[in-house]
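Engineer: Please find the sequence and the predicted model below.
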Amino acid sequence: MNQSAPSPFTAADYRARMDRAALTASAAGLAGLLVSPGPDLVWLTGYRPTAMTERLTLLVLPVAGDPVLVVPKLECADAVKAPGAPSLDLRDWTDGVDPYGLVSPLVDAAGTFGVSDSTWALHLLALQGELPRAGFRALTEALPMLRAVKDEAELARLTAAGAAADATFEEIKKVAFAGRREADVAADLDRLLREFGHEQVDFTVVGSGPNGADPHHEADDRVIQHGDTVVLDFGGLMYGYGSDTTRTVQVGDPGEEVRRVHAVVREAQQAGFEAVRPGAACQDVDRAARRVIEDAGYGEYFIHRTGHGIGTTTHEPPYMIEGEQQELVPGMCFSIEPGVYLPGRFGVRIEDIVTVTQNGGVRLNNTDHGLTVVG
């Protein structure tokens, strides 16, 4: 693959995100956001601190006023290098000092705050003690669409990540499957994703034979046999944005039932894709895919939602599931991944990342949906 790295996000980009987040929070009736280390902090500031669960790092983003980053003093040198740091007022604290007391003067003590999902209970409970009149809501519940609609620069990164995952699949088809452990093939997937540009690999599911009936099977020492159906689900981060794709391959000639199940899943995946359009509800994508599988008699074996959002993490809102009435908006990106899992026998799943455009959906994964035969 020959592609140049995208231009880094600028301080102005991060400030625009923080401003937009504050406006969105105000419209939702929140007094502000409290954001701890995790994907929300990375998206808002570009800062990815060292994971220290016991020390408080917190972005305080009020709906009125400037954003403040409360950070341990020993982390300050890294925090000031973050791309979004020029827009932040850094308040450091040293060990032995109560950091939660730094937060209370910065916020409306009686307001309700959106709190990032990744906030440790240790810190949230301490903040509740410091702000007894305040209310707290998880960001996924309070502002589920905060990161859901991607701009052109984000879409470019997701497109590159999808292309790298596609290139990985084209190469993995060439390796030997029969006689090798699932863990060996998973290691090949990890290596290829990195060779094609991923800086982080999040998962490499290799589910062969009966293990394929476990949607999130961890590749193990099972030796792949001739005649096995193998589910391959893999992805990670490239330029800070996610990839996630699934294809099902067959070691040797597939039998009639495998062909039939695969054809049903392929039709369901296509039906879900065709349901993508601005104004449709997320649940419409799930319903379209699920209807095909139910009509074919395999409804009880489709045991998960049809899709999930993707961005700075590989799983985030919106979710393609019954009951989710959030409307699809151009710029949203999510998976469409129906599957059928026959316990003790085999599984089949086909997954693409799709983005919403004014004219419908566009796939970011474009490898063949057919049942690929491998050696």
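Structural biologist: Thanks, I have it.
Engineer: can you give me the helices in the protein?
Structural biologist: 11-27, 39-45, 76-79, 121-130, 139-142, 152-172, 182-195, 256-274, 282-295 (DSSP state H).
Engineer: Flag every buried residue along the first one.
Structural biologist: Under the neighbour-count criterion of 16 or more other CB atoms under 10 Å, helix 11-27 has Ala11, Asp13, Tyr14, Arg15, Arg17, Met18, Ala21, Ala22, Thr24, Ala25 buried. Where C-beta positions appear, they are placed from N, C-alpha and C, glycine not excepted.
Engineer: quick one, what contacts the first one?
Structural biologist: Applying CB atoms under 8 Å, 6 or more residues apart in numbering to Ala11 gives the contacts Pro83, Gly84, Ala85, Pro86, Ser87.
Engineer: So which of those is surrounded by the most neighbours?
Structural biologist: Using other CB atoms under 10 Å as the neighbour criterion, Gly84 leads these with 26 neighbours.
Engineer: wait, Val35 sits on Leu44?
Structural biologist: Yes - counting by CB atoms under 8 Å, Val35 touches Leu44, with 6.2 Å between them.
Engineer: before we move on, back to that, most tightly packed of the helices of the chain?
Structural biologist: Burial of the helices of the chain is given as mean neighbour count (mean count of other CB atoms under 10 Å); helix 39-45 ranks first at a mean of 24.
Engineer: Please tell me how far the most far-flung residue of the chain relative to its centre sits from Lys173.
Structural biologist: Computed with CA atoms, centre = their mean, the maximum C-alpha offset from the centroid of the chain is found at Gly96, amounting to 36.7 Å. Gly96 sits 58 Å away from Lys173, taking CB to CB, to the nearest Å as the criterion.
Engineer: Equivalent analysis for Glu257, please.
Structural biologist: Per CB to CB, Glu257 is found 22 Å from Lys173.
Engineer: export the helices of the chain to JSON lines and tack on mean pLDDT and distance to Phe346?
Structural biologist: Shown next, in JSON lines, are those (pLDDT from 0 to 100; distance: least, CB to CB, whole Å):
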{"stretch": "helix 11-27", "mean pLDDT": "97", "distance to Phe346": "44"}
{"stretch": "helix 39-45", "mean pLDDT": "96", "distance to Phe346": "34"}
{"stretch": "helix 76-79", "mean pLDDT": "94", "distance to Phe346": "48"}
{"stretch": "helix 121-130", "mean pLDDT": "95", "distance to Phe346": "40"}
{"stretch": "helix 139-142", "mean pLDDT": "94", "distance to Phe346": "34"}
{"stretch": "helix 152-172", "mean pLDDT": "98", "distance to Phe346": "19"}
{"stretch": "helix 182-195", "mean pLDDT": "98", "distance to Phe346": "14"}
{"stretch": "helix 256-274", "mean pLDDT": "98", "distance to Phe346": "7"}
{"stretch": "helix 282-295", "mean pLDDT": "98", "distance to Phe346": "15"}
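Engineer: out of the ones you listed, which comes closest to Leu342?
Structural biologist: Each of those has some distance to Leu342 by CB to CB; the shortest is helix 256-274, at 7.4 Å.
Engineer: Would you list the phi and psi of the residue farthest from the centre of the chain?
Structural biologist: The phi and psi values for Gly96, taken as degrees, to the nearest 10, are phi 100, psi -10.
Engineer: quick one on the thing from earlier: find residues that contact each of Val35 and Leu44.
Structural biologist: In contact with both Val35 and Leu44: Leu59, Leu61, using CB under 8 Å, 6+ apart.
Engineer: so who does the residue nearest the centre of the chain touch?
Structural biologist: Nearest to the geometric centre of the chain sits Thr314, at 2.0 Å (CA atoms, centre = their mean). Residues in contact with Thr314 (CB under 8 Å, 6+ apart) are Asp202, Phe203, Gly235, Gly236, Leu237, Gly242, Ser243, Asp244.
Engineer: Among those residues, name the ones in strands.
Structural biologist: Counting by DSSP state E, the contacts of Thr314 place Asp202, Phe203, Gly235, Gly236, Leu237, Gly242 in strands.
Engineer: count of residues packed around the second one?
Structural biologist: This means Phe203. Counted with other CB under 10 Å, Phe203 comes out at 16.
Engineer: I'd assumed Gly242 was in contact with it.
Structural biologist: No - if you go by CB under 8 Å, Phe203 and Gly242 don't touch, sitting 10.6 Å apart.
Engineer: quick one: common contacting residues for these two?
Structural biologist: Gly235, Gly236, Thr314.
Engineer: Would you mind checking which of the residues you listed is nearest to Pro343?
Structural biologist: Gly235 (25.3 Å).
Engineer: distance of that closest one from Glu267?
Structural biologist: Applying CB to CB to Gly235 and Glu267 gives a distance of 24 Å.
Engineer: Kindly report the same for Ala288.
Structural biologist: Taking CB to CB, one finds Ala288 at 10 Å from Glu267.
Engineer: In contact with the closest residue in space to Arg55 that isn't next to it in sequence, which residues are there?
Structural biologist: Excluding the flanking residues, the one nearest Arg55 by CB to CB, 6 or more residues apart in numbering is Pro72, at 4.6 Å. By CB under 8 Å, 6+ apart, the residues touching Pro72 are Met52, Arg55, Leu56, Thr57, Asp92, Trp93, Thr94, Asp95, Pro99.
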